[in-house]
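Student: Need the 3D shape of this:
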Amino acid sequence: MHSFRCVFIAAAALFGFFALPVAAQTYPSKPIRFVIPYAAGGNTDVLARIIGQKLTETMGQPVIADNRPGIDGVLGMALVSRSAPDGYTFLMVSSSLAINTAMGMKLSYDPLRDLAPITQTASQQLILVVHPSVPVKNVVELVAFAKSSKSGLNYGSSSSATQLATELLNALAGIKMVHIPYKGAAPMITDLVGGQIQLSLSPSLVAIPHIKGGKLRAIGLGDSKRSAFMPDLPTIAESGVPGYQATIWTGVLAPAKTPKPIIDRLNKEIVKIVRSPELTERMVQFGSDTVGSTPEEFEKFVAEEIKKWTTIAKKVGLWGATS
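Tutor: The predicted structure is shown next:
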């Protein structure tokens with residue numbers, strides 16, 4: 001009886017050893033849910049749908065976009081953190097994954113503990129844009145106008161990331177613009193074009209079409225250096241606000257404990273998509289650089305982002321303000 005038990009335990013252990021590779025070999029065998037925790041039409045949603053369409057072609061199963069907007073992506077992130085770690089649910093996030101934690105939000109999940117990084121997909125420029133009715137053509141004029149305006153200026157943000165980036169501008173420039181929150185970049189940019197708000201540090205992907213169409217005026221770039229896609233647009237830092245720097249990023253994660261062979265498969269397929277010449281060229285036109293990092297590199301990057309923006313959130317008085 002004792003020897004039978006030993007054989008049974010050994011067989012069970014052997015089965016467990018081979019189970020993950022076998023699962024990875026048969027993966028995927030059913031449709032995959034790609035959760036996008038923001039409103040449809042925004043920068044993260046657009047990139048996620050491109051990746052999802054390509055994954056459908058390369059993995060042989062439908063990759064279905066599932067928008068779950070609300071509370072700076074928290075609802076969708078929490079949903080995925082509680083999902084089965086089997087590779088059939090994963091998540092496209094923006095910088096708000098790190099910023100929500102950096103701002104001291106009370107979350108039901110820990111982004112480093114409860115989500116498994118797959119890859120950073122892109123790094124995107126933020127453009128300071130104003131409605132044409134605002135009588136400013138550069139950052140210096142904006143700062144002067146904000147200081148003299150009796151009614152004040154309203155700025156829109158599509159996430160905690162763009163809110164914190166704008167509050168950093170407020171702090172460094174010595175001004176106080178009023179925050180108007182939105183559930184995604186698409187509804188925010190719609191109100192900005194319509195004149196319901198006056199300005200925004202907007203993701204380049206959604207701002208550029210309206211800049212080219214003359215519906216919005218670009219007055220500054222959030223990054224510390226000028227960009228090839230708009231070389232004549234000065235940075236905010238060189239326009240009278242020294243030390244200013246802010247960009248946003250996107251990435252893909254799965255529930256924690258998703259088997260490593262599945263994480264590696266998803267990483268391989270998604271990196272191939274984002275590094276393709278077709279997508280790289282397309283994204284550059286919209287002020288975004290594709291990345292395609294390893295899971296380990298992305299995990300380190302998120303941890304560094306949380307640390308960096310926690311310091312800034314405390315500096316500008318936003319730490320704990322949204323909890």
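
Student: Going by C-alpha atoms from here, please, whenever you check contacts or count neighbours.
Tutor: Noted.

Student: Which residue is the nearest non-sequential neighbour of the residue nearest the centre of the chain?
Tutor: Nearest to the mean C-alpha position of the chain, by CA atoms, centre = their mean, lies residue 94 at 1.0 Å. Once flanking residues are discounted, residue 94 sits nearest to residue 250: 4.2 Å by CA to CA, 6 or more residues apart in numbering.

Student: try residue 251
Tutor: In this structure, residue 251 finds its nearest non-sequential neighbour in residue 120, 4.0 Å apart by CA to CA, 6+ apart.

Student: Please enumerate the strands of the stretch 101-250 of the chain.
Tutor: 115-130, 154-157, 178-181, 199-203, 217-221, 247-255 (DSSP state E, counting those that start in this stretch).

Student: between those strands, which one is nearest to residue 235?
Tutor: Across the strands of the stretch 101-250 of the chain, residue 235 has its closest neighbour in strand 217-221 (4.3 Å, CA to CA).

Student: which helices and strands sit right next to the closest one?
Tutor: In terms of contacts (3 or more CA pairs under 8 Å, 6 or more residues apart in numbering; DSSP states H and E), strand 217-221 is packed against strand 115-130.

Student: now the angle from the strand it packs on to strand 247-255?
Tutor: For strand 115-130 against strand 247-255, the angle by axes from the mean of the first three to the mean of the last three CA atoms, to 10 degrees is 150 degrees.

Student: Which parts of this protein are helices?
Tutor: 2-26, 43-59, 74-81, 96-102, 139-148, 160-173, 185-193, 204-212, 260-274, 277-284, 295-315 (DSSP state H).

Student: show me what contacts the residue nearest to the centre of the chain?
Tutor: 44, 248, 249, 250, 251 (CA atoms under 8 Å, 6 or more residues apart in numbering).

Student: about what we covered before: show me what the residue nearest to residue 94 is bridged to.
Tutor: Here residue 250 sits in beta bridges with residue 94, residue 122, going by DSSP bridges.

Student: Which pLDDT value goes with it?
Tutor: Looking at residue 250, its pLDDT is 94.

Student: if I read this right, it contacts residue 92, doesn't it?
Tutor: Yes: assessed by CA atoms under 8 Å, residue 250 is found in contact with residue 92 at 7.0 Å.

Student: the more surrounded of these two?
Tutor: A direct count of neighbours by other CA atoms under 10 Å for residue 250 and residue 92 places residue 92 higher, at 29 against 22.

Student: care to break this structure down by domain?
Tutor: In terms of domains, the chain is parsed into 2-124+248-315, 125-239 (source: automatic domain parsing).

Student: Now for residue 33: which residues touch it?
Tutor: 63, 64, 65, 66, 88, 89, 90.

Student: Ignore what I typed, I meant residue 305.
Tutor: Residues near residue 305 by CA under 8 Å, 6+ apart: 98, 99.

Student: please redo it, this time with the cut-off set to 7 Å
Tutor: residue 98 (CA atoms under 7 Å, 6 or more residues apart in numbering).
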